[in-house]
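**Q** here is my input, please return the structure:
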Amino acid sequence: MRINMKKQFIISLLLTALFSQSFKDLTERPVYQPVKISSSITFDGIVDLEEWSNAQVATNFIGSGTFQGEDALLKTEARLMYDDTNLYISFKAFVDRDELRYSITKRDNLDDKDDRVWVNIDAFDDESLTYGIGVSAGGAQIDGRATYGFDQSLDLVYDTKVQIFDNRYEVEMIIPFSSLRYSLAPIQTWRLDFGRGFTLSDELTRYVYWTSRLGGIACQTCQLGFLENIEPPKQARGNIEYIPSIVAGVSEDFTTNTSSSTDEASLFMKYPISSVDLLEIALNPDFSQIESDDIKNDVNTVNALYFEEKRPFFSQGAELFQFSAQRGYINLFYSRTINDPSIAAKYTGKIGKTSYGVISARDESSLLLVPFEETSSVVSMGKSTSNIIRAKRMIGGNGGSIGAILTNRVFDDAGDMTTGGLDFHYHPGNNYHITLHATASIHNESDNFEYIYEPTEIDSDMTFDSGRYTKNFDGEKVTGNALGFSLNKRTRTDNFGVVLRLRSPGFRTSNGFERNNATKWLKASRGKTVFYDNNPFLLKTDYGISTIYKTNYSGLIKKQELSLSTSSDLRNGDFFKVSAEFEKENFRGYQFDNLYEFEVGYRNQINSKFMHYSEVQSREIIIRNLDVPENSSYYQTTNYVEYKISDKSNFGIGISYEKAEDNYDGILLRVSINNSFNSKLTMRTKIQYSDFANSWFIEPMITYQPNAFSALYFGINDLLETEDNMFSSLTESKRQLFIKFQYLL
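**A** Numbering: from 1, shown residues only. As a prediction, the model looks like this:
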């Protein structure tokens, strides 16, 4: 199918101006007046009304999202008190025992339909950091930060107790002030909200809040209530927290008949300078993550793969260093570039509305992402020292900010890299959001040829940027720049956006993640949401249209894409989506004009215990890993089943089949089996199989975690290899037994 992509691009830009509506302001935000008490509560999970009698009651919760503005179907009461050490929060969450949904599981691992309650706190009243702290009816803690979504990587130390009754469950929470960051003023005003999520027999999950929430408003703090006249304690300097850990393991390689063992001790220290400033130091840290990455098919990939950060050291203060490409930012900091440090330190703090942070690390095994116009490579660079400096000031009183970052990585006898950037984010009103990010980079290569480009039949050019630089690392000084910009407007029913990203041929990041450079990339999108009040089947439907226009720095059009999509939430809890893409792309000098993708997906919530999801894709793609790229028909089917055996056990199994005609085909299989003895002691088994790697990966693990920073892990991972199919000549290749113990002192 041939499409005049320029015309489609212009049409989609014009569509962004249609059918828009605005929420100019929010209704008046409620005020909570906290009560200061002289002694701790009786902490048993029972909300004694005599003990809590002086606390203001927050109730009459209001629906959000699909159910925006509707009175909550279930009654919820929240209360808050404090003393010189802790915040005390209680909930009475009313629900018939027969309809109460909960799972006994580890922290931050709730089922989406579990009944849970939480509190949102922005102690600085500027959206630089908004906490989400809660617990499920099953006693599983859930915490994180509200950013562009909800980031659960932040872990806090707090205590919770839950009691279940015939017509409700009750919660008491103790949150130490030492777990929170707040200003030094003696009397403060914080932003606050109480929330609850629950699912009833109609299989629809509802999120309700004490304050009303309007869809389309990105500013989180703007929608919170006020916690007035709170007098938090002044935290003393030097109340150091120590987290020693021991990691030991035994590995066997059956292909080489060799074995090895490791045992290492490390120490993580948190030194609070005040309630605002925090110094963290890790000596010989074990930066290996406990949770293994999910397998991915990289057969037809010519760029580096991105994996989420799961290591706890980077969670505190991470909101300061995040750059979301969805908002137009250039990703200048990707913490997994700090791979295997012998020592790492981080200092984060705040003066007024300005947050600042410094990260330094000595890395024993450094990896460098080297981007080009169409490909990227990861190069092993040996030892290095990284330094990252970041500052960000909140402006405008509605989540706007202006910031700067400087990153530098010096490789031992292998050159150095420096990247700097200025970023700006602002809400001018009427639900508009503007982002601007300008960056520059310098790479002083060594002449050791750590990277040597391997020419191909169709790309034998050993230079780039019109011959200005060679691709090999041969002692050159490579400079570049990048610019990111976005403008979008969101309401509950309408959204549009424009994102522009320019990355020059010499642009590289010292500690970031940008797969490609030498590109000028523009995306325009438009969306519409329709809510149904009386439709017997449909609850809401989303429609979307977007277009992408991409050129290189020589003016050659590299990609033109038009995307159409729709998805619907059904009244029985089911969900379906349909999407289509039409593309033209120039890859390695070859023009492909008839690329497309059709996708259909359906999630069926069969009952409260059983969920099934299916997805089918049909595409015409480019086979990129050939010397001469060619187009191919591609098909993919995905099926995932999740079954809740009991409140303590569940399993999920997903299988995906991919086929590119005459090139490759194979299966990816993922199985997860979870059993919880209680909310602190759990056992998880992960099984993964890849046809593309001809391997099985099996990893059972037992975890005992009494709080966020104390844990005992014991596990085994087994790598088995096959020949032609899943079970052909199945042989054990590698096995590792490991144990990790860490304890918060």
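**Q** quick one: the helices in the protein, in order.
**A** Along the chain, counting by DSSP state H, helices occupy 5-15.
**Q** low-scoring stretches of it, by residue?
**A** Within the chain, the stretches with pLDDT under 70 are 1-27, 147-149, 286-307, 309-310, 458.
**Q** just give me the longest strand of it.
**A** Counting residues, the longest strand found in the chain (DSSP state E) is strand 376-395.
**Q** ok, it: who's next to it in the sheet?
**A** Strand 376-395 has the following strand partners under DSSP bridges: strand 354-371 (antiparallel), strand 400-411 (antiparallel).
**Q** buried ones in it?
**A** Going by neighbour count (16 or more other CB atoms under 10 Å), the buried part of strand 376-395 is 376-377, 381, 383-395. C-beta: built from backbone N, CA, C; applies to glycine.
**Q** nearest to Glu620, of the residues you listed?
**A** Closest approach to Glu620 among the buried residues of strand 376-395 (CB to CB): Ser376, at 24.1 Å.
**Q** what about Asn604, neighbour count?
**A** 15 (other CB atoms under 10 Å).
**Q** wait, doesn't it sit right on Tyr640?
**A** No. Look at Asn604 against Tyr640 with CB atoms under 8 Å: they stay out of range, at 10.9 Å.
**Q** and for those two, which residues touch both?
**A** Jointly contacting Asn604 and Tyr640 under the rule CB atoms under 8 Å, 6 or more residues apart in numbering are His612, Tyr613.
**Q** which residues of the stretch 151-300 of the chain fall in strands?
**A** 159-164, 168-176, 188-199, 205-209, 225-230, 241-253, 258-272, 278-283 (DSSP state E, counting those that start in this stretch).
**Q** switch those strands over to TSV; also include distance to Phe314.
**A** Listed next are the strands of the stretch 151-300 of the chain as TSV, based on distance: least, CB to CB, whole Å:
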stretch	distance to Phe314
strand 159-164	25
strand 168-176	22
strand 188-199	26
strand 205-209	28
strand 225-230	29
strand 241-253	15
strand 258-272	12
strand 278-283	10
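**Q** as CSV, those strands with distance to Ser710 and mean neighbour count would be great.
**A** Below are the strands of the stretch 151-300 of the chain laid out as CSV (distance: least, CB to CB, whole Å; neighbours: other CB atoms under 10 Å):
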stretch, distance to Ser710, mean neighbour count
strand 159-164, 13, 18
strand 168-176, 15, 21
strand 188-199, 27, 22
strand 205-209, 31, 20
strand 225-230, 29, 18
strand 241-253, 8, 16
strand 258-272, 12, 14
strand 278-283, 16, 18
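**Q** ok, which of the ones you listed comes nearest Thr529?
**A** Closest among those, using CB to CB: strand 205-209, at 16.5 Å.
**Q** what lines up beside the closest one in the sheet?
**A** Strand 205-209 is paired, per DSSP bridges, with strand 62-63 (antiparallel), strand 188-199 (antiparallel).
**Q** so how far is stretch 613-632 off the chain centroid?
**A** 27 Å (CA atoms, centre = their mean, to the nearest Å).
**Q** now for the strands of the stretch 151-300 of the chain, which one comes closest to Ile667?
**A** strand 241-253 (25.9 Å).
**Q** hmm, who's touching that closest one?
**A** Contacts for strand 241-253 (CB under 8 Å, 6+ apart): 258-270, 286, 288, 709-710, 733-745.
**Q** hmm, back to that, turn the strands paired with strand 205-209 into a markdown table, columns for distance to Phe321.
**A** As requested, the strands paired with strand 205-209 are arranged in a markdown table below (distance: least, CB to CB, whole Å):
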| stretch | distance to Phe321 |
| --- | --- |
| strand 62-63 | 34 |
| strand 188-199 | 23 |
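**Q** to Lys92, which of those strands lies closest?
**A** Here strand 188-199 is closest among the strands paired with strand 205-209 (CB to CB), at 10.6 Å.
**Q** could you report the neighbour count for Lys471?
**A** 18.
**Q** can you tell me the closest non-neighbouring residue to it?
**A** Computed as CB to CB, 6 or more residues apart in numbering, the closest residue to Lys471 that is not its neighbour in sequence is Tyr453, at 3.8 Å.
**Q** what's the answer for Ile545, then?
**A** Arg526 (5.2 Å).
**Q** quick check: bridge partners of Ser486?
**A** Thr435, Val499.
**Q** hmm, it is touching Leu522, no?
**A** No. The pair Ser486 / Leu522 is not scored as a contact, 10.7 Å apart, by CB under 8 Å.
**Q** neighbour count for those two, which is higher?
**A** Ser486 (22 against 17).
**Q** against Asn675, how distant is that one?
**A** Shown here: Ser486 relative to Asn675, a distance of 44 Å by CB to CB, to the nearest Å.
**Q** check Val358 too.
**A** Counting by CB to CB, the gap from Val358 to Asn675 is 42 Å.
**Q** closest to Asn594 out of the strands of the stretch 151-300 of the chain?
**A** strand 205-209 (41.2 Å).
**Q** and that closest one, how far from the chain's centre?
**A** With CA atoms, centre = their mean, you get 22 Å for strand 205-209.
**Q** how about stretch 200-213?
**A** So, by CA atoms, centre = their mean, the centroid of stretch 200-213 is 23 Å from its chain's centroid.
**Q** list the residues that contact Thr731.
**A** Phe254, Leu720, Glu721, Thr722.
**Q** try it again with 10 Å
**A** Phe254, Thr255, Leu720, Glu721, Thr722, Glu723 (CB atoms under 10 Å, 6 or more residues apart in numbering).
**Q** next, format these as a markdown table and append neighbour count.
**A** Output for those, formatted as a markdown table (neighbours: other CB atoms under 10 Å):
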| residue | neighbour count |
| --- | --- |
| Phe254 | 15 |
| Thr255 | 11 |
| Leu720 | 18 |
| Glu721 | 16 |
| Thr722 | 18 |
| Glu723 | 10 |
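**Q** from those, pick the one nearest Gly197.
**A** Leu720 (40.1 Å).
**Q** okay, and the beta partners of the closest one?
**A** Trp696, Glu732.
**Q** going forward, count from 279.
**A** Noted, 279 is the first residue going forward, which turns the last one into Leu998.
**Q** hmm, Ala989 is touching Leu1022, no?
**A** Yes. Between Ala989 and Leu1022 a contact is recorded at 9.4 Å, counting by CB atoms under 10 Å.
**Q** pick out whichever of the two has more residues nearby.
**A** Between Ala989 and Leu1022, Ala989 has the larger neighbour count (other CB under 10 Å), namely 21 against 16.
**Q** what is the neighbour count of Asp444?
**A** Neighbour number of Asp444 under other CB under 10 Å is 8.
**Q** got a list of what the most centrally placed residue in the chain touches?
**A** The residue lying closest to the centre of the chain (CA atoms, centre = their mean) is Asp429, at 5.7 Å. Contacts for Asp429 (CB under 10 Å, 6+ apart) come out as Gly410, Gly422, Arg423, Ser593, Ala596, Glu597, Gln600.
**Q** quick one: residues contacting the closest residue to Arg394 other than its chain neighbours.
**A** Using CB to CB, 6+ apart and skipping the chain neighbours, the partner closest in space to Arg394 is Ser414 (4.2 Å). Residues counted as contacts of Ser414 (CB under 10 Å, 6+ apart) are 379-383, 385, 387-389, 392-396, 420, 438, 440, 447, 449, 475, 957.
**Q** switch the cut-off to 7 Å
**A** The neighbours of Ser414, taking CB atoms under 7 Å, 6 or more residues apart in numbering as the test, are Tyr380, Leu388, Asp392, Asp393, Arg394, Ile420.
**Q** next: Ala623.
**A** Counting by CB under 7 Å, 6+ apart, Ala623 has contacts Glu558, Ile559, Ser638.
**Q** I'd say the first one and Leu545 touch.
**A** No. Distance between Glu558 and Leu545: 11.3 Å, which falls outside the contact criterion (CB atoms under 7 Å).
**Q** using CSV, list the CA coordinates for the longest strand of the chain.
**A** Taking C-alpha atoms only, strand 654-673 is exported to CSV below (Å, rounded to 0.1, in the frame of the first residue of the first chain):
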residue,chain,number,x,y,z
SER,A,654,24.9,0.7,17.8
SER,A,655,27.5,-1.4,19.5
VAL,A,656,28.4,-2.1,23.2
VAL,A,657,32.2,-1.9,23.6
SER,A,658,34.1,-3.3,26.6
MET,A,659,36.4,-0.5,27.8
GLY,A,660,38.0,-1.9,31.0
LYS,A,661,38.2,0.2,34.1
SER,A,662,36.8,3.7,34.4
THR,A,663,35.8,6.4,36.8
SER,A,664,32.4,8.1,36.4
ASN,A,665,31.2,11.4,37.8
ILE,A,666,27.6,12.7,37.3
ILE,A,667,26.5,16.2,38.6
ARG,A,668,22.9,17.2,38.4
ALA,A,669,20.8,20.2,39.5
LYS,A,670,17.2,21.0,39.0
ARG,A,671,15.1,23.9,40.1
MET,A,672,11.3,23.7,40.3
ILE,A,673,9.5,26.7,38.7
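**Q** having no further points to raise, I will conclude here.
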